[in-house]
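1. The sequence isn't on hand, but the structure is:
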């Protein structure tokens with residue numbers, strides 16, 4: 001059985017992420033989506049538990065996808081879940097440089113391969129940080145996130 005790991009901060013999970021997970025679910029026997037704490041991105045909008053819940057709700061239609069949330073190295077997660085490949089979505093060429101370095105480090109650390117999946121052009125401009133900003137100021141992000149995430153964003157910024 002082939003197991004793929006899709007790691008990310010998913011703060012929040014959006015339709016570009018959803019596309020990568022759905023495409024991966026067609027390619028692999030099992031896909032593990034891991035919500036990770038990313039100290040490089042500063043304080044998160046949603047807790048790991050909240051992100052895990054949104055992922056469960058947004059991906060419930062995919063029977064071969066499971067969700068975890070962790071605060072450790074991606075290669076440790078890959079080992080723990082039995083993944084043979086890490087899948088990373090790419091929106092633009094600018095994503096590639098950083099993702100390539102991480103892929104090379106992960107291969108050196110744990111001999112695990114990384115597969116890059118380019119998002120469709122209709123999702124290439126979507127970024128979690130932009131969605132947080134638009135939602136924070138009352139903008140409409142309904143076209144960019146799954147319904148469960150939209151509901152959580154409304155809850156978060158209604159306070």
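-> Sure, I can see it. Keep in mind that what you see is a predicted model, and the values were worked out from it rather than measured. Numbering: from 1, shown residues only.

2. Would you report the backbone torsion angles of residue 90?
-> Note on residue 90: its backbone torsions stand at phi -120, psi 130 [degrees, to the nearest 10].

3. Looking at strand pairing, list the partners for it.
-> Beta bridges link residue 90 to residue 118, judged by DSSP bridges.

4. Compute the number of surrounding residues for it.
-> 17 (other Cβ atoms under 10 Å). Where you see a C-beta, it was placed from the backbone N, CA and C, and this is true even at glycine.

5. right, and it touches residue 120 too?
-> No. Checked against Cβ atoms under 8 Å, the pair residue 90 and residue 120 is beyond contact range at 11.4 Å.

6. and the biggest helix by length in the chain, what does it pack onto?
-> In the chain, taking DSSP state H as the definition, the longest helix is helix 93-110. Other elements packing on helix 93-110 under the criterion 3 or more Cβ pairs under 8 Å, 6 or more residues apart in numbering; DSSP states H and E are helix 74-81, strand 85-90, strand 113-118.

7. Output the ones you listed as CSV; include the columns mean pLDDT and distance to residue 13.
-> Formatted as CSV, the helices and strands packed on helix 93-110 follow (pLDDT from 0 to 100; distance: least, Cβ to Cβ, whole Å):
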stretch, mean pLDDT, distance to residue 13
helix 74-81, 96, 17
strand 85-90, 97, 12
strand 113-118, 96, 16
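
8. tilt between the longest helix of the chain and strand 113-118?
-> Here the directions of helix 93-110 and strand 113-118 differ by 170 degrees (axes from the mean of the first three to the mean of the last three Cα atoms, to 10 degrees).

9. Can you tell me what sits against helix 93-110?
-> 73-75, 78-79, 86, 88, 90, 112-114, 116 (Cβ atoms under 8 Å, 6 or more residues apart in numbering).

10. Return the two entries of those residues that lie farthest from one another.
-> Spatially, the most separated pair among those is 79 and 90, at 24.0 Å (Cβ to Cβ).

11. For the longest helix of the chain, buried residues please.
-> 95, 99, 103, 106 (16 or more other Cβ atoms under 10 Å).

12. before we move on, what about stretch 114-133?
-> Buried residues in stretch 114-133 (16+ other Cβ under 10 Å): 114, 117-119, 123, 126, 128, 131-132.

13. Tell me the one of these nearest residue 26?
-> Residue 26 has its nearest neighbour among the buried residues of stretch 114-133 in residue 117, at 11.0 Å by Cβ to Cβ.
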